[in-house]
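Enquirer: what would the 3D arrangement of this be:
(2 chains)
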Amino acid sequence: MTGRRHRRDAAPTPGGEGRFEGYDVMAQSPFWDPVTAAVVRGRMAQERALAFFTSEEADICRALLDLVLANHGAPRVPVLEMVDQRLFEGQTDGWRYEDMPEDGEAWRRTLRFLDQDAREAFGSGFASCTGDQQARIVQGVQDSDAWHGLPGRHVWSLWTRYACAAFYAHPWTWNEIGFGGPAYPRGYKVLHPGWREPWEVAERGAADPLPWSHRVEKARRAHELRLGGRA
Amino acid sequence: MRRTDERAIRARNESAWLVPTGQERTNWALRGRMRRYDPGEEVDVAVVGCGAGGGTLTQRLARAGFRVVAFDAGPWWDPDRDWVSDEAGSHKLYWTEPRVISGKDPVALGSNNSGRGVGGSMVHFAGYVPRFHPSDFQTLTRDGVGADWPISYEDLKPYYEHIEEELPAAGEPWPWGDPHDYPHSAHPLGPNGEIFRRGARALGLRTAVGPVAIPNGRFGHRNHCIYRGFCLQGCKVNAKASPLITHVPDAVAHGAEIRPDSMVTQVVVERGRATGVRYVHAGREHFQRARVVAVAGYSIETPRLLLLSATPEFPDGLCNDFDQVGRYVMVQGAPQTAGRFSEEVRMYKAPPPEVSCEEFYETDPSKDYRRGFAIQTVSPLPITYSEHVTAQGHWGEVLREYMRDYVHWAVLGSLCEFLPRAENRVTLAEETDARGMPVANFSYSQGENDTKLEQAAQSVMEDILRAAGAEEVITIKRYAHLVGGCRMAADERSGVVDRNLRTFAVPNLYVTDGSVLPTQGSANPALTIMALAARCADHLKATARSGVVGEPASAR
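Expert: Okay, the predicted model is just below:
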């Protein structure tokens, strides 16, 4: 964990992580056009009922998505619900690899395979494995050429595309990364590197008390520890 | 800055004066009084697709008195109600009907290169409108690779100039290719552009701001850019150009009908001549009779439509007697390199298209590859930038740490001229769409020259960012744009259309979109597609006058 905890009520970030203390992009929503504001607010409506995944698939999928996104602490972005909704609506990227089934079927199938792998390796379903066990299985998919008859890199592409498109659509992640969010009709007027709009928030420790290279190295080590100390 | 004559532009295309002033972005009154043709009535021209190619052709022909119906499978957008200043919410701008991708290097479609709705892919294009270089029209003769076009740069130049005025294009005087200047001066730079210039200056590389299809200054009723950075999500401001605001309004004012939400499923050919198009609107099939048909569905759907329109006379698909339809589809190698800066960059401010460098565009005899690449700013928003990070193999904590650092990164992109290959092609898949029609399968594999170019482009981008002060650089390999698939050629054994975009096989059938390009240069294709469509319109006008081709009787 590399970011200092925020006051969660004021400016939520996923797991309380982030470096833009008190920055709440939704505080800017009165300055957005009503159509955009409605779309973003609708995205924040919590606890949608699942429409695509079975409850068994949902457990596996939640574990996978939260792992890939390190979406662990509260408040937690409802990534599973967002992915479920998207698959239910059949909102694809507009293409599929020839050697993969269409997206919905590909999700169902790969979740089943994850569960199979978990039972074979650790004697329990993927969702009830420890985080480290899950991480090792998932890293195995990323590293594989062929995984249960599917190309590993195309499975990886499917998972990360859906996971990231949902996670980084959520305003809490914008708070975490300092992104300005929707900007119509207001636009921007301060366009120089190192300068900010009056409403943008300075990064905590902008002078890098912990330099970037250390921060990312720390994250790498944490990731490798999960994978059982592999280099 | 080029001197332009506003009266001359208005006399050619009044679109910018037909978008409304005030609180709305759509001229509802104009749409309300649009002329409507009966499907049973034979119109002069049916245009399939209302993007860069179809939109421009429709406007030019309508102004010349042709009776034109332009079809689009998607909606007739209203920027106020339909578009949002949000990445995920812009999904409906893309062509997301099922398609299959294959080959050694499958190319992602959808948001990457495929639009839907009136305005086409230009609704979500970045906004760069560079010209091709004169060398692009003769790569085979000059460099022994690619193909020669059946037209030259000089044939297209007057059309480039006209379209640049109508978009209009803003930028610094252009030193590369055929040196020229732009009707509007360059926009102020955003943070990403400043970083690019800083790095290039340190290396002694020339750069130029622009050329972007965003007016800088007064132009009709178009609003000024507000530098909000959402060019790729559809410009709610009416600042960035797309045919929706640059050509369709004038077309409608001159009697063209836009028929949105209408998917053309077949070009009907009887006794060697096109007689019209079959299309589906609101679940019902219709037939529109036309003297001339122009297909402008872009590099995937245009070949697909021709293949789907097979008849006993054309058993392998229309215009496909020599197995040319769907071949030589090209994408530009478009690696993007991100650099990490200790200062905050906040690249999401200002339009992603800002600064270009074409120093590496032409063949360098000292290199072991032919042709070249261009470098431009790109400023991905968070979702797109996350792909950049996951492409490094990062996930979990590492992905999050990189993303948490988003404001510190600047991103450059390059466009590498990947060469045309016959085996890179669109065919019909076994899979069918909701209407029961086979979907397109696009197979793509890079060649050796392509891979070398891509590597060279990446190292130049890394050098520029390091020279600007980046402490770390990361690169994602990706593709941009789509052209080819029904290429223009000297004869029917090597292409689908002739120098005037008329198909070799059916005398009153035209293809007027990016699929006619024989090579792609290292330039974003929108301007060239529009210029080709405008040139084709002049040809149709001339043939109508002489009564040779489609014989549009009502055209004067």
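Enquirer: rest of the way, CA atoms for contacts and neighbours
Expert: Noted.
Enquirer: for the longest strand belonging to chain B, output the C-alpha coordinates as CSV.
Expert: When chain B is parsed with DSSP state E, its longest strand is strand B:284-295. Written as CSV, here are the backbone C-alpha positions of strand B:284-295 (Å, rounded to 0.1, in the frame of the first residue of the first chain):
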residue,chain,number,x,y,z
ARG,B,284,-38.2,-3.6,-42.2
GLU,B,285,-36.5,-4.1,-45.5
HIS,B,286,-36.8,-1.4,-48.2
PHE,B,287,-35.4,-0.8,-51.6
GLN,B,288,-34.2,2.6,-52.9
ARG,B,289,-33.9,3.0,-56.6
ALA,B,290,-30.9,5.0,-57.8
ARG,B,291,-29.1,5.8,-61.1
VAL,B,292,-25.7,5.7,-59.3
VAL,B,293,-24.7,3.9,-56.1
ALA,B,294,-21.6,5.1,-54.1
VAL,B,295,-20.5,2.9,-51.3
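Enquirer: tell me the SS of the residue of chain A found nearest chain B?
Expert: Closest contact between chain A and chain B, by C-alpha to the nearest C-alpha, is at A:Gly94 (3.6 Å). Put simply, A:Gly94 is coil when judged by DSSP: H, G, I helix; E, B strand; the rest coil.
Enquirer: could you count how many residues lie near it?
Expert: Counted with other C-alpha atoms under 10 Å in any protein chain shown, residues neighbouring A:Gly94 total 19.
Enquirer: got phi/psi on the nearest residue to it once chain neighbours are set aside?
Expert: The shortest distance from A:Gly94 to any non-neighbouring residue, by C-alpha to C-alpha, 6 or more residues apart in numbering or on different chains, is to B:Thr96 (3.6 Å). Main-chain torsions, B:Thr96, degrees, to the nearest 10: phi -120, psi 20.
Enquirer: OK, contacts around B:Thr96?
Expert: By C-alpha atoms under 8 Å, 6 or more residues apart in numbering or on different chains, B:Thr96 lies in contact with A:Gln91, A:Thr92, A:Asp93, A:Gly94, A:Trp95, B:Gly110.
Enquirer: just give me the neighbour total for residue 160.
Expert: No chain specified, so I'll use chain A. Burial measure for A:Thr160: 20 neighbouring residues, criterion other C-alpha under 10 Å.
Enquirer: wrong chain, I was asking about chain B
Expert: B:Tyr160 is flanked by 25 other residues according to other C-alpha under 10 Å.
Enquirer: distance from the chain centre to stretch A:151-167, please.
Expert: Centroid separation between stretch A:151-167 and its chain, computed with C-alpha atoms, centre = their mean, to the nearest Å, is 11 Å.
Enquirer: kindly apply the preceding question to stretch B:71-85 instead.
Expert: Relative to its parent chain, stretch B:71-85 has a centroid offset of 17 Å by C-alpha atoms, centre = their mean.
Enquirer: now do the buried residues in it.
Expert: B:71-80, B:82-85 (16 or more other C-alpha atoms under 10 Å in any protein chain shown).
Enquirer: pLDDT score for B:Thr528?
Expert: At B:Thr528, the model reports a pLDDT of 98.
Enquirer: just the contacts of B:Thr96 now: which is nearest B:Phe322?
Expert: Set against B:Phe322, the nearest of the contacts of B:Thr96 by C-alpha to C-alpha is A:Trp95 (28.2 Å).
Enquirer: any low-confidence regions in the chain?
Expert: Assuming you mean chain A. Within chain A, the segments meeting pLDDT under 70 span A:1-9, A:46-47, A:205-209, A:229-231.
Enquirer: I was thinking of chain B, sorry if that wasn't clear
Expert: By pLDDT under 70, the low-scoring segments of chain B are B:547-556.
Enquirer: circling back to that earlier point, the longest strand of chain B packs against which elements?
Expert: With contacts taken as 3 or more C-alpha pairs under 8 Å, 6 or more residues apart in numbering or on different chains; DSSP states H and E, strand B:284-295 sits against strand B:43-48, strand B:273-281, strand B:509-511.
Enquirer: for the ones you listed, could you give me JSON lines that also reports mean neighbour count and distance to chain A?
Expert: Shown next, in JSON lines, are the helices and strands packed on strand B:284-295 (neighbours: other C-alpha atoms under 10 Å in any protein chain shown; distance: least, C-alpha to the nearest C-alpha, whole Å):
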{"stretch": "strand B:43-48", "mean neighbour count": "28", "distance to chain A": "20"}
{"stretch": "strand B:273-281", "mean neighbour count": "21", "distance to chain A": "20"}
{"stretch": "strand B:509-511", "mean neighbour count": "28", "distance to chain A": "24"}
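Enquirer: next up, phi/psi of the residue nearest to B:Met122 when sequence neighbours are not counted, please.
Expert: Leaving aside its chain neighbours, B:Met122 sits nearest to B:Ser242 (5.1 Å; criterion: C-alpha to C-alpha, 6+ apart). Phi and psi for B:Ser242, reported as degrees, to the nearest 10, are phi -150, psi 160.
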